[in-house]
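Trainee: give me the fold of what follows.
(one chain, ligands or ions: 1)
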Amino acid sequence: MTSSDTPENGPDSGKILETLRLVQDESGTSNVLSFASLEGIAVRDGHAQISLVTSRDDAHRIEPLRPRAEAALARLPGITRATIVLTAHRAPGQPPAGGGHRPFRLDSPANNPGTPETRPTGKLLPQVRAIIAVASGKGGVGKSTTAVNLAAGLAKLGLRTGLLDADIYGPSLPRMLGHSAKPFVENGKIIPIEAWGMHAMSIGFLVDERQAMIWRGPMVMGAISQFLGDVAWPELDVLIIDMPPGTGDAQLTISQKLSLRGAVIVSTPQDIALLDARRGVAMFEKMNVPILGLIENMSYFCCPNCNHRTELFGHGGARAQAEESGVPFLGEVPLLADIRASGDAGAPIVLSSPDSEGAHAYTAVARAIAQSLRLDR
Ligand SMILES: Nc1ncnc2c1ncn2[C@@H]1O[C@H](COP(=O)(O)OP(=O)(O)OP(=O)(O)O)[C@@H](O)[C@H]1O
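Mentor: Here you go, the predicted structure:
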């Protein structure tokens, strides 16, 4: 639910705004809305979540008012608990605060669990049994589509599954899961959203795509580190990470901060993509991350009318590459219109059309991964 909706069985947004205005500071001249604008209101099972946008400089003025404002909201009919989330947006071109390491700050400084510099250096996410990176050497080969459907395939096997979109420049998870609501923040930690039976988090749930696009170099690294530490993942059997494309610093940061059980490399059959896949394999090997295998995406095209199979980009390159590199070949996924359409519609094909050819292809790979890591429950 957004600010334009009227919360069901609860006060309307006018009443909520009025309540926020009544909570004044000591001087009696300012209230929460003097320093922030309303971005969204959601009321679920009596829990109201109010999302406010403010500037980094004004966030500390709101903080002293926040507990009182939350208490006042919790006294409204239909509300038993209220959480106010502050989102500090940086205007395009404006330099980031703190020397470039904090491109976004979801919550107030008081709730900040630590910057990348101050946080303990041990590996993060010990509550996750297996963290798997899905990577590709170059963009556009279907890495995100593969990550989402592998996660869906693992969830279908009964595994407690999480999905992290670490593609800071081009987050695609909100679109692919059909979910655009902002996540809750509790005790300074972001609670992953739940969609299609999975827990999921993406920078795209927090800032809009254009903002993510303007981040560069060190800001991206800072964002990734912050992001990895600030999300309250539950206990999971498996967490799939949709890695940023390429083999640069962002990938190294993730490999260093997390204890990866393995990496899956996605490639198309074209030579150039395979060359990039080779770089991806080499990077993970250098980081001592085991390669779980290669997946050939857009392997062949099957005409939906006559079933004729066309190998648009050549075929079998990934299998040959896998053999040459001594890594397992996990399987091939055909180029299918309904894979693209389901991604655009926010409904992973593995779950929305479980009997389709595309779903079978992803499910087979998910099963192979679960078996090789002994994740079966
Ligand atoms: N097997 C497939 N059949 C049909 N379309 C596919 C297939 N795999 C991916 N696509 C489509 O190709 C496009 C790119 O896929 P996707 O976003 O998953 O790639 P990516 O490698 O993650 O790209 P980027 O690195 O730019 O984020 C999307 O429109 C997606 O729906």
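Trainee: when you work out contacts or count neighbours from here on, use the C-alpha atoms and nothing else.
Mentor: OK.
Trainee: what is the strand ranked longest in the chain packed up against?
Mentor: Counting residues, the longest strand found in the chain (DSSP state E) is strand 291-302. Applying 3 or more CA pairs under 8 Å, 6 or more residues apart in numbering; DSSP states H and E, one finds that strand 291-302 makes contact with strand 262-267, helix 271-286, strand 309-310, helix 317-325, strand 329-335.
Trainee: rerun at 10 Å
Mentor: Helices and strands touching strand 291-302, by 3 or more CA pairs under 10 Å, 6 or more residues apart in numbering; DSSP states H and E, are strand 128-135, helix 143-156, strand 262-267, helix 271-286, strand 309-310, helix 317-325, strand 329-335, helix 357-372.
Trainee: what's opposite the residue sitting nearest the centre point of the chain in the beta bridge?
Mentor: Centroid-nearest residue in the chain, with CA atoms, centre = their mean: S202, separated by 2.2 Å. Beta-bridge partners recorded for S202 (DSSP bridges): D165.
Trainee: contacting residues for it?
Mentor: For S202, the contacting residues are 163-168, 171-174, 183, 192-193, 227, 242, by CA atoms under 10 Å, 6 or more residues apart in numbering.
Trainee: what do you get if the cut-off is 8 Å, keeping everything else the same?
Mentor: L164, D165, A166, P171, L173, P174 (CA atoms under 8 Å, 6 or more residues apart in numbering).
Trainee: could I have the CA atoms of stretch 284-303 written out in PDB?
Mentor: Extracted C-alpha coordinates of stretch 284-303, given in PDB (Å, rounded to 0.1, in the frame of the first residue of the first chain):
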ATOM      1  CA  PHE A 284      36.600 -17.000  -8.500                       C
ATOM      2  CA  GLU A 285      39.400 -19.500  -8.600                       C
ATOM      3  CA  LYS A 286      41.800 -16.800  -7.500                       C
ATOM      4  CA  MET A 287      39.500 -16.000  -4.600                       C
ATOM      5  CA  ASN A 288      39.400 -19.700  -3.700                       C
ATOM      6  CA  VAL A 289      35.700 -19.900  -4.400                       C
ATOM      7  CA  PRO A 290      34.700 -23.200  -5.900                       C
ATOM      8  CA  ILE A 291      33.000 -23.100  -9.300                       C
ATOM      9  CA  LEU A 292      29.800 -25.100  -9.000                       C
ATOM     10  CA  GLY A 293      29.500 -25.100 -12.800                       C
ATOM     11  CA  LEU A 294      28.600 -23.300 -16.000                       C
ATOM     12  CA  ILE A 295      25.100 -22.800 -17.300                       C
ATOM     13  CA  GLU A 296      24.500 -22.100 -21.000                       C
ATOM     14  CA  ASN A 297      21.700 -19.700 -21.400                       C
ATOM     15  CA  MET A 298      19.800 -18.900 -24.600                       C
ATOM     16  CA  SER A 299      21.300 -22.200 -25.700                       C
ATOM     17  CA  TYR A 300      18.900 -22.800 -28.600                       C
ATOM     18  CA  PHE A 301      15.600 -21.400 -29.800                       C
ATOM     19  CA  CYS A 302      12.600 -23.600 -30.100                       C
ATOM     20  CA  CYS A 303       9.900 -22.200 -32.400                       C
END
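Trainee: which residue sits closest to L150, ignoring its sequence neighbours?
Mentor: Closest residue to L150 apart from its sequence neighbours, by CA to CA, 6 or more residues apart in numbering: A366 at 5.4 Å.
Trainee: what's the pLDDT at the one you found?
Mentor: Here the pLDDT value assigned to A366 is 96.
Trainee: gap between the nearest residue to Y300 once chain neighbours are set aside and the ligand?
Mentor: Closest residue to Y300 apart from its sequence neighbours, by CA to CA, 6+ apart: E311 at 4.5 Å. Distance from E311 to the ligand, counting by CA to the nearest ligand atom, to the nearest Å: 13 Å.
Trainee: how about E311, what does it touch?
Mentor: Listed by CA under 8 Å, 6+ apart, the contact partners of E311 are S299, Y300, F301.
Trainee: and if we set it to 10 Å?
Mentor: Going by CA under 10 Å, 6+ apart, E311 touches P269, M298, S299, Y300, F301, C302, P334, L335.
Trainee: pLDDT score for the fifth one?
Mentor: Turning to F301, the model gives it a pLDDT of 75.
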